[in-house]
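Undergrad: pasting the sequence and the predicted coordinates here, then a few questions.
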Amino acid sequence: MTDTVTPGLAAAGTAAAAATTPGAATPGAAPSGATAASARPVAVTTKKDWTSDQEVRWCPGCGDYSILTAVQMLMPELGVRREDTVFVSGIGCSSRFPYYMSTYGMHSIHGRAPAIATGLAVSRPELDIWVITGDGDALSIGGNHLLHALRRNVNLTILLFNNQIYGLTKGQYSPTSEPGKVTKSTPFGSLDHPYNPVSLALGAEATFVARTHDMDRKHMMETFRRAHAHRGASLVEIYQNCNVFNDGAFDAILTKDARPQMLIPLQDGEPIRFGPEGERGVVIEDGTARVVEVAEVGVDALAVHDEHREDPSLAFMLSRLAAGPYTPTPIGVFRDVERADYASLVNGQVEAAMVEKGPGDLASLLASGSTWTVD
Ligand SMILES: Cc1ncc(C[n+]2csc(CCOP(=O)(O)OP(=O)(O)O)c2C)c(N)n1
Ligand code: SF4
Ligand SMILES: [Mg+2]
C-alpha cells in the first residue's frame, strides 16, 4: 500500500491510512481548512481499517489493550476519515498507542504531547487530534503543558491512562500514586500528596472532563464518543491496570463484585445515586459532597448532576468525593460546557489583522524595527 503524505505529518502505522479511502487527500495537497475536509465524503470503515500492522508490545494482560480496542472499535462510528485523524503521544507504555492506529501520528517527547498537538490544532484546525498520555507523562514532566492546553481550550481529545505508576521505566511512583507507596524510587514509602487528575483538569477550567476505566468497554466507548464530540479540550481520565508494576491498584472499586457498590455513575439531570438497588446517593452540604443512604435522607435531598453548569464547583466537589480509588468513586462526565476553542480565536485574530493590515510579509517584518548587524 502507498501512504498518502500530508506535509509535516508522518504516518504512524505502516498500513496506509488514506490510500484505500475514497476522497482521500491528494499527496502533498493539504486541505486548507475545515470546509475542505468536510466537503469530502467519509468512507465506511471497520475496526480493521483503523488497526495498524504493528506488533502490539504491551505486557500480556495490560489494561492498555482494552483501551486500544475501545478506540479502534469507536473510530468507524465517528464518521471521520483516517487521513484527517492524528494521535499524538508523549513517552510511556501508554504513549506507544499511535503505532497501533492506522492514522497519522506522532510518538513525541516526554510530556510534550499537548504542546505539539496545540501547534497542530492551530495550524490544521480541520484535523481530529487525539492526545495519548500517562499519569507520569501528563502530570509529572508534562504537567505544565497539560494545564495550558486545558485552559486555552485547544480542540484536543486527551486520553490520560492513569495506572498510578511509571510503567515503561519499570515501576517508579507517579504523581497519582497513593501516599506510602513503596517503589524502587520510594523504598520507605511515598511522602507525596497525589494529584486527582479530574480535580486538576477542573481547576484549570477544562470545558470537558470525564472518567472511565479499562474494565468496561461500553463505558469507555461512550465516554470517548462524548469527548470527541466536544469542541475544545476534552480530558478523559482512564483508570488502567498495570498488571506488572501496580497490579490491582483499582481492585477496591473495579472488580465485578465491587463495581455496583463503588462506582457512582454520573448522569446529567439525574439525582446522583448508586448501589445495586440505588440505595445510596450523594448530597452536597456546606460545599462538600457526601455519600448517604437514600432511605435516611429521601430522594429529594440528593444532588442532581448538571454537567453543563458554567460554574465548575459542583463538578469539583464530586471529584473530591473519593480521596483515591478505594471508596465510592464517580465515573462519567463531570463537566461539559461550551467555550470558544483556541484555534478559532487565534485564526480569527490573524484573519482580522489581515483584513486591516493586509497579508503581511515575514521577511520585511523580521527586518523591521530595531535591527543590528553582528560583525
Ligand atoms: C526527558 C525524559 N525524562 C525521563 C524519561 C524517562 N521516562 C520514560 S517514560 C517515563 C514515565 C512514564 O510513565 P507514565 O506516563 O505513567 O506512562 P506508563 O508507562 O505508565 O503508561 C519516564 C520517567 C524520558 N524518557 N525522557
Ligand atoms: S509495564 Fe505495565 S503499563 Fe507497561 S505494558 Fe506492562 S503492564 Fe502495561
Ligand atoms: Mg503510568
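TA: Good, I have the coordinates. Ligands and ions are numbered 1, 2, ... in the order given.
Undergrad: which SSE is the residue lying closest to residue 114 once chain neighbours are set aside in?
TA: Distance criterion CB to CB, 6 or more residues apart in numbering; nearest residue to residue 114, sequence neighbours excluded, is residue 149 at 3.8 Å. All C-beta atoms are positioned from the backbone trio N, CA, C, and that covers glycine. Per DSSP states H and E, residue 149 falls inside helix 143-152.
Undergrad: run through who's touching that helix.
TA: With contacts defined as CB atoms under 8 Å, 6 or more residues apart in numbering, helix 143-152 is touched by 111-115, 117-118, 131, 133, 138-139, 156, 158, 175, 200-201, 204-206, 233, 235, 342.
Undergrad: what pLDDT, on average, does the following helix or strand past that helix get?
TA: The helix or strand immediately downstream of helix 143-152 is strand 157-162, counting by DSSP H and E. Across strand 157-162, the average pLDDT comes to 98.
Undergrad: partners of the closest residue to ligand 3 within the chain in the sheet?
TA: Distance from ligand 3 to each residue of the chain (CB to the ion) is smallest for residue 134, at 3.8 Å. Per DSSP bridges, the residues bridged to residue 134 are residue 161.
Undergrad: what count of nearby residues applies to it?
TA: 33 (other CB atoms under 10 Å).
Undergrad: likewise for residue 69?
TA: Neighbours of residue 69 using other CB under 10 Å come to 16.
Undergrad: next one: it from residue 253, what distance?
TA: Going from residue 69 to residue 253 by CB to CB, to the nearest Å gives 22 Å.
Undergrad: re the thing from before, so what's the residue of the chain closest to ligand 3 up against?
TA: Contacts of residue 134 (CB under 8 Å, 6+ apart): 90, 92-95, 160-163, 166-168, 174.
Undergrad: report pLDDT for the residue in the stretch 251-375 of the chain positioned nearest to ligand 1.
TA: Using CB to the nearest ligand atom, residue 325 is the residue of the stretch 251-375 of the chain that sits closest to ligand 1, at 15.5 Å. Residue 325 carries a pLDDT value of 95.
Undergrad: check residue 263 too.
TA: 98.
Undergrad: roughly how far apart are the residue nearest to residue 114 and residue 104?
TA: 19 Å.
Undergrad: is residue 130 bridged to anything, and to what?
TA: residue 87, residue 157.
Undergrad: pretty sure it is in contact with residue 155, am I right?
TA: No - using CB atoms under 8 Å, residue 130 makes no contact with residue 155, being 10.9 Å away.
Undergrad: is stretch 179-195 in proximity to ligand 1?
TA: No - using CB under 6 Å from any ligand atom, we find that stretch 179-195 stays clear of ligand 1, coming within 9.8 Å at best.
Undergrad: what's that stretch in contact with?
TA: Residues contacting stretch 179-195 (CB under 8 Å, 6+ apart): 139, 164-165, 170-173, 175-178, 324.
Undergrad: using TSV, lay out those together with distance to residue 123, neighbour count and secondary structure.
TA: Below are the contacts of stretch 179-195 laid out as TSV (distance: CB to CB, whole Å; neighbours: other CB atoms under 10 Å; DSSP: H, G, I helix; E, B strand; the rest coil):
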residue	distance to residue 123	neighbour count	secondary structure
139	27	22	helix
164	35	25	coil
165	35	27	coil
170	37	11	coil
171	38	16	coil
172	35	19	strand
173	37	26	coil
175	31	21	coil
176	32	28	coil
177	37	26	coil
178	40	17	coil
324	40	17	coil
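Undergrad: and those, which two are furthest apart?
TA: With distances taken as CB to CB, the most widely separated pair in those is 170 and 324, at 22.8 Å.
Undergrad: please see if stretch 136-154 touches ligand 1.
TA: Yes - contact of stretch 136-154 with ligand 1 (CB under 6 Å from any ligand atom) involves 136-137, 141.
Undergrad: alongside ligand 1, which residues does the stretch 101-250 of the chain contribute?
TA: Going by CB under 6 Å from any ligand atom, the residues of the stretch 101-250 of the chain near ligand 1 are 110, 134-137, 141, 161, 163, 165-169, 174.
Undergrad: alright, I will stop here.
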